[in-house]
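In: Quick one: sequence and predicted model below, then my questions.
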Amino acid sequence: MPSSMTSRERVRAALDGREVDRPPVSMWRHFFDKERSAEDLAAAMLAYQKLHGWDFMKMNPRASYHAEPWGLRVRYSGDRPPDVTAVPVNDPKDWLKIEPVRLDHPIFREQLRAIELISQGLGSRLVFLATVFNPISVASRLAASEDAFMRHLREHTAQVDSAIEAITETFTAFAKAAMERGAGGLFFATTAFASTDRMTVAEYRRYARPWDLKVLDAVQAPDFHMLHVCRDNNMLPEFRGYPVDAFNWDVRGIGNPGLAEGKAILGGRCVVGGIPQKDGMVSATPQQMRGEVVGLRSAMGKKGWMLGSGCTYAPETPEANVKAVREAIEGPFEQSRPG
């Protein structure tokens, strides 16, 4: 095996379960104050990549791009998540108003242009993934709250199903367009809904899984698709057969499997993650972050995994902690062994 691999080679080897010179690494965050134009978003993502030299890029889009075309309204204020000011679904009958949206909608045009600009900036040297949320997650953002959405889903299933079908049609087209503009695959995120805190496994199979598979089966990845399973008490075993190439989740979340356990659950398929998020990254020291990486390398070895965030990390995370993760992955593998 060569002593040094390119990022593309390293990622491909990890996905294939082959030995790498070091584990691939990537982390991701929002730049909320840069998300309101394609040019600013692309510039922020490219600058972030240049600063850290990740092995692949997960593009963080405009935070609510997936729901705004149906009437969600938000207000941005600085580098923080936007506040919701209006939702389009306030009554069960409103779901019947949700129809497919064309890709020439201004929000979709903006996001596809950002993907195009990032592709031009990266060239062929690096894979990047476009973020697409699964259809049930998109639908939930149209209601006043997740609780309100779940009430509608359980009590007015036919109306909500009609909306999710329209959303699925829309995002299948969006995902294909993202690949055409240079994305190497999808970062396909389940947000709250693949968690037993929100619904049962049987409900996920009925209300979410068919729509997930409609999108994923229709969209071929030039490089790879990654499934992101959000929240605590996640349903990771449910996704073993999904047509994706890698799996990402918060290994520190309550009730969630660790990275090695998750890899076994998924039949040895490639797993991505391990780095603590939320307060764990904000309050840690660089030394602690380096220790996290050393421990993961020792536990996981050289095959079938990539180091990464368990989810989007907070903008207030000290830059020194992010740099510590990136630097720690570069050391000779033998130095990560205990003792």
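Out: Looks like it arrived, so ask away. Numbering: from 1, shown residues only.
In: Please count neighbours and contacts with C-alpha atoms only from this point.
Out: Fine.
In: Give me the neighbour count for the nearest residue to Glu238 once chain neighbours are set aside.
Out: Closest residue to Glu238 apart from its sequence neighbours, by Cα to Cα, 6 or more residues apart in numbering: Val201 at 7.9 Å. Per other Cα atoms under 10 Å, the neighbour tally for Val201 reads 16.
In: so where do the strands sit in the chain?
Out: With DSSP state E as the criterion, the chain has strands at 25-26, 56-59, 73-75, 83-86, 127-133, 185-189, 226-229, 246-249, 270-275, 305-309.
In: next one: the third one to chain centre, how far?
Out: Between the mean C-alpha point of strand 73-75 and the mean C-alpha point of its chain there is a distance of 22 Å (Cα atoms, centre = their mean, to the nearest Å).
In: Also the second one?
Out: A distance of 9 Å separates the centroid of the chain from that of strand 56-59, by Cα atoms, centre = their mean.
In: Can you give the contact residues for it?
Out: 7-8, 11, 25-28, 45, 49, 126-131, 187 (Cα atoms under 8 Å, 6 or more residues apart in numbering).
In: okay, that strand in PDB with CA atoms only?
Out: What follows is strand 56-59, C-alpha atoms only, in PDB (Å, rounded to 0.1, in the frame of the first residue of the first chain):
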ATOM      1  CA  PHE A  56     -14.500  15.200   1.800                       C
ATOM      2  CA  MET A  57     -16.900  18.100   2.200                       C
ATOM      3  CA  LYS A  58     -20.400  17.900   3.600                       C
ATOM      4  CA  MET A  59     -22.000  21.000   2.200                       C
END
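In: rewinding a little: mean pLDDT for the strands of the chain - can I get that in a markdown table?
Out: Compiled in a markdown table, these are given as follows (pLDDT from 0 to 100):
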| stretch | mean pLDDT |
| --- | --- |
| strand 25-26 | 98 |
| strand 56-59 | 98 |
| strand 73-75 | 98 |
| strand 83-86 | 98 |
| strand 127-133 | 98 |
| strand 185-189 | 98 |
| strand 226-229 | 98 |
| strand 246-249 | 98 |
| strand 270-275 | 96 |
| strand 305-309 | 96 |
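In: and of those, who's closest to Phe171?
Out: Each of the strands of the chain has some distance to Phe171 by Cα to Cα; the shortest is strand 127-133, at 7.6 Å.
In: and the closest one, which strands flank it?
Out: Looking at strand 127-133 with DSSP bridges, its partner strands are strand 56-59 (parallel), strand 185-189 (parallel).
In: Point out the most buried one among the ones you listed.
Out: strand 185-189 (a mean of 26; mean count of other Cα atoms under 10 Å).
In: Out of the strands paired with strand 127-133, which is closest to Lys303?
Out: strand 56-59 (16.9 Å).
In: before we move on, the earlier item: JSON lines for the strands of the chain, including distance to Lys323?
Out: Formatted as JSON lines, the strands of the chain follow (distance: least, Cα to Cα, whole Å):
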{"stretch": "strand 25-26", "distance to Lys323": "11"}
{"stretch": "strand 56-59", "distance to Lys323": "16"}
{"stretch": "strand 73-75", "distance to Lys323": "31"}
{"stretch": "strand 83-86", "distance to Lys323": "30"}
{"stretch": "strand 127-133", "distance to Lys323": "20"}
{"stretch": "strand 185-189", "distance to Lys323": "23"}
{"stretch": "strand 226-229", "distance to Lys323": "23"}
{"stretch": "strand 246-249", "distance to Lys323": "21"}
{"stretch": "strand 270-275", "distance to Lys323": "13"}
{"stretch": "strand 305-309", "distance to Lys323": "13"}
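In: what sits up against the lengthiest helix in the chain?
Out: Determined from DSSP state H, the single longest helix within the chain is helix 157-180. Helix 157-180 has contacts (Cα under 8 Å, 6+ apart) with 92-93, 95-103, 108, 112, 115, 130, 132, 135-136, 138-139, 152-153, 185-186, 207, 211, 214-215, 218-222.
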